[in-house]
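Colleague: Let's see this in three dimensions:
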Amino acid sequence: MRLYYETVRNPGGFGRAEVPTAMLMSPRDMFPTPREWVERSFRVDRWTEIDRGGHFLEWEVPELVAEDLRAFYRPLR
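Modeller: Next up is the predicted model:
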C-alpha cells in the first residue's frame, strides 16, 4: 500500500524503506518482480515464493498469506 500512496503523492521520490519488509510472491502474479529489484527499494527480511495463486493472494490463498504473515512477525516481537 505504501508504494501506491507514495507514488501518487511524489512519483519516484520516496527512497529506500529500511523497516523490516516481507514479500510473498506467487507464480501467476500480474507483476512478477525479481528479488534484486525489490531489494533496491526495500530492506527484505523475508522472501517467500509459493506454488499457487495470482495477484490477489488474500482472496485466492488466504491461509498461505496468514501463515506467512505470522512467520514474518513472530521474530519481531
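Colleague: in this protein, which segments are predicted with low confidence?
Modeller: Residue ranges of the chain with pLDDT under 70: 11-14.
Colleague: what about 80?
Modeller: 1-15, 77 (pLDDT under 80).
Colleague: Specify the local secondary structure of the most centrally placed residue in it.
Modeller: The C-alpha lying nearest the average C-alpha coordinate of the chain belongs to Met23 (CA atoms, centre = their mean; 3.0 Å). The three-state assignment at Met23 reads strand, by DSSP: H, G, I helix; E, B strand; the rest coil.
Colleague: who does it bridge with?
Modeller: Bridge pairing for Met23 (DSSP bridges) gives the partners Trp47.
Colleague: Thought Arg46 was touching it, still the case?
Modeller: Yes: with contact defined as CB atoms under 8 Å, Met23 reaches Arg46; the gap is 7.2 Å. C-betas here are computed from N, CA, C, even on glycine.
Colleague: The lengthiest helix in the chain packs against which elements?
Modeller: Secondary structure assigned by DSSP state H gives helix 62-73 as the longest helix of the chain. For helix 62-73, the elements it packs on are strand 17-25, strand 42-49, helix 57-60, judged by 3 or more CB pairs under 8 Å, 6 or more residues apart in numbering; DSSP states H and E.
Colleague: Tabulate those (JSON lines), appending distance to Asp68.
Modeller: Formatted as JSON lines, the helices and strands packed on helix 62-73 follow (distance: least, CB to CB, whole Å):
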{"stretch": "strand 17-25", "distance to Asp68": "5"}
{"stretch": "strand 42-49", "distance to Asp68": "5"}
{"stretch": "helix 57-60", "distance to Asp68": "9"}
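Colleague: thinking again about what came up before, kindly calculate the angle that the longest helix of the chain makes with strand 17-25.
Modeller: Between helix 62-73 and strand 17-25, the angle comes out at 150 degrees (axes from the mean of the first three to the mean of the last three CA atoms, to 10 degrees).
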